[in-house]
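S.K.: mind looking at a prediction? Sequence and model below.
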Amino acid sequence: MKSAGLSVEDLPIRDELRGVVAYGAPQLDVPVRLNTNENPHPPSEQVVAAISAELLKEIGNLQRYPDRDAQQLRGSLAEYLSRSTGVELTAANVWAANGSNEILAQLLALFAGPGRSVLGFEPTYSMHSIISRGANTYYRDVPRATDFTINTVAARAAIAEQPAAITFICSPNNPTGTAVELRTIAEIYDAVTAHELGVVVVDEAYAEFSNAPSAVELLPGRPRLIVTRTMSKAFAFAGARVGYLAADPSVVEAIGRVRLPYHLSSLTQAAARAALAHSTDLQSAVDDLKVQRDRIVVTARELGLVVADSDANFVLIGGFGDQARAWQALLDLGVLVRDVGLPGWLRVTAGTPTETDAFLTALAAVVGDLSPIAPDPLR
Ligand SMILES: *Cc1c(COP(=O)(O)O)cnc(C)c1O
């Protein structure tokens with residue numbers, strides 16, 4: 001069909017979506033891609049075989065809709081979370097969807113919407129504000145302290161001033177890598193639940209890379225606390241699109257009111273179940289990525305750059321006089337990192353040892369070329 005020559009702006013779209021650019025990091029075909037916090041290790045042969053076998057069984061049944069409530073998968077996820085956190089959870093505590101981004105969208109649909117607001121601690125995961133906008137919800141921001149921790153005094157003041165329908169806490173925080181202490185989360189939970197309105201959502205997309213305890217430990221006795229997770233990062237499952245949450249069973253039941261029926265395909269459910277059955281295989285890849293992350297931290301500091309402590313599989317590096325130029329210079333050397341829009345800073349994902357070597361070599365060249373001139377914002 002021929003285009004009618006209309007631009008998007010000519011369409012009767014919602015006012016708050018005018019002039020908006022679609023979200024997404026550049027997907028460029030370069031040798032070393034360290035820009036979206038993916039796990040660089042493909043699934044092992046054993047995991048590939050297990051997933052293939054499960055998929056084959058489902059393919060013979062594709063004429064049927066999938067289990068709408070993904071009971072088996074939720075049971076496996078609950079088992080995995082119980083094992084890794086020591087908190088006893090069942091399928092009734094867990095909900096799964098196509099990536100934790102869909103989980104976040106479902107939470108917005110359930111708790112937020114026009115006339116309600118959402119609170120976040122910036123800089124943080126940009127999808128929290130973008131999904132809020134998509135759900136017609138006003139997003140408010142409390143800036144983090146200069147070391148990227150959450151200032152609880154400012155948080156309490158913001159919550160007291162105007163109760164937020166959802167308060168997002170990202171831990172470890174993307175893009176800074178900062179883990180949030182459980183007592184900080186508990187304090188914010190108390191401030192939020194002093195009002196009738198409001199839930200706290202802790203986004204733990206990178207929990208497996210952190211030595212800090214999980215907010216799952218705070219769930220007992222806190223029915224308005226929700227912890228979101230993903231299989232995209234530690235599980236090396238980004239392409240499969242599986243995210244989940246843990247919460248009180250009432251929250252899981254309530255999501256039934258907003259989710260689309262059969263949202264999670266039978267193929268996705270089968271693949272995720274097979275991957276979870278091999279979750280212990282993950283540990284070696286996760287341990288290796290932590291080693292590469294720490295190498296990046298140490299080497300970047302030796303180069304005179306400012307580096308935020310990281311509990312995730314990525315590192316936020318600052319001290320670039322012009323981070324956009326540094327980003328381009330790294331790309332010219334075949335290494336794609338992320339410009340997250342923080343002046344002076346770039347985010348890099350821990351890769352394989354070879355990819356990390358390539359990044360560190362390129363970084364040294366770039367720093368030599370474009371000497372860092374920005375003042376150290378962490379001190
Ligand atoms: C990568 C990421 C996610 C989500 O991803 P899905 O692939 O949609 O599961 C969620 N939260 C944060 C903070 C992330 O960095």
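M.R.: Received it, and whenever you're ready, just let me know what you need.

S.K.: check what pLDDT Val118 gets.
M.R.: The model reports Val118 with a pLDDT of 98.

S.K.: now do the contacts for it.
M.R.: 108, 112, 128-129, 132, 137-140, 164-168 (Cβ atoms under 8 Å, 6 or more residues apart in numbering). All C-beta spots, glycine's among them, are computed from the backbone N, C-alpha and C.

S.K.: ok, 10 Å please
M.R.: Residues near Val118 by Cβ atoms under 10 Å, 6 or more residues apart in numbering: 107-108, 111-112, 128-129, 131-133, 135, 137-141, 164-168, 198, 201.

S.K.: which pLDDT value belongs to Ala374?
M.R.: 48.

S.K.: typo on my end, it should be Ser171
M.R.: Listed pLDDT for Ser171 reads 98.

S.K.: neighbours around it, how many?
M.R.: 28 (other Cβ atoms under 10 Å).

S.K.: any idea how far Arg156 is from it?
M.R.: 18 Å (Cβ to Cβ, to the nearest Å).

S.K.: now intersect the contacts of Val118 with the helices, please.
M.R.: Members of those lying in helices (criterion: DSSP state H): Leu107, Leu108, Phe111, His128, Ser129, Ile131, Ser132, Arg133.

S.K.: among the contacts of Val118, which ones are buried?
M.R.: Listed as buried from these are 107-108, 111-112, 128-129, 131-133, 135, 137-140, 164-168, 198, 201; burial here means 16 or more other Cβ atoms under 10 Å.

S.K.: quick one: residues contacting His128.
M.R.: 104, 108, 118-122, 139, 141, 166, 168-170, 174, 201, 203.

S.K.: the residues you listed: which ones sit near the ligand?
M.R.: Checking the contacts of His128 against the ligand by Cβ under 6 Å from any ligand atom, the ones in range are Cys170, Asn174, Asp203.

S.K.: format these as TSV; extra columns: neighbour count and distance to Ala191.
M.R.: Output for those, formatted as TSV (neighbours: other Cβ atoms under 10 Å; distance: Cβ to Cβ, whole Å):
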residue	neighbour count	distance to Ala191
Cys170	26	18
Asn174	25	23
Asp203	29	18
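
S.K.: the ligand: which of those residues is nearest?
M.R.: Distance ranking of the ones next to the ligand among the contacts of His128 against the ligand, using Cβ to the nearest ligand atom, places Asn174 first at 3.9 Å.

S.K.: that older thread, sort out for me which of the ones next to the ligand among the contacts of His128 are in strands.
M.R.: Those of the ones next to the ligand among the contacts of His128 mapping onto strands are Cys170, Asp203, per DSSP state E.

S.K.: redo the ones next to the ligand among the contacts of His128 as CSV? Include distance to Ile185.
M.R.: Formatted as CSV, those follow (distance: Cβ to Cβ, whole Å):
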residue, distance to Ile185
Cys170, 11
Asn174, 16
Asp203, 11
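
S.K.: what does the stretch 201-350 of the chain put close to the ligand?
M.R.: So the stretch 201-350 of the chain meets the ligand at Asp203, Ala205, Thr230, Ser232, Ala238, Gly243 (Cβ under 6 Å from any ligand atom).

S.K.: brilliant, that's me finished.
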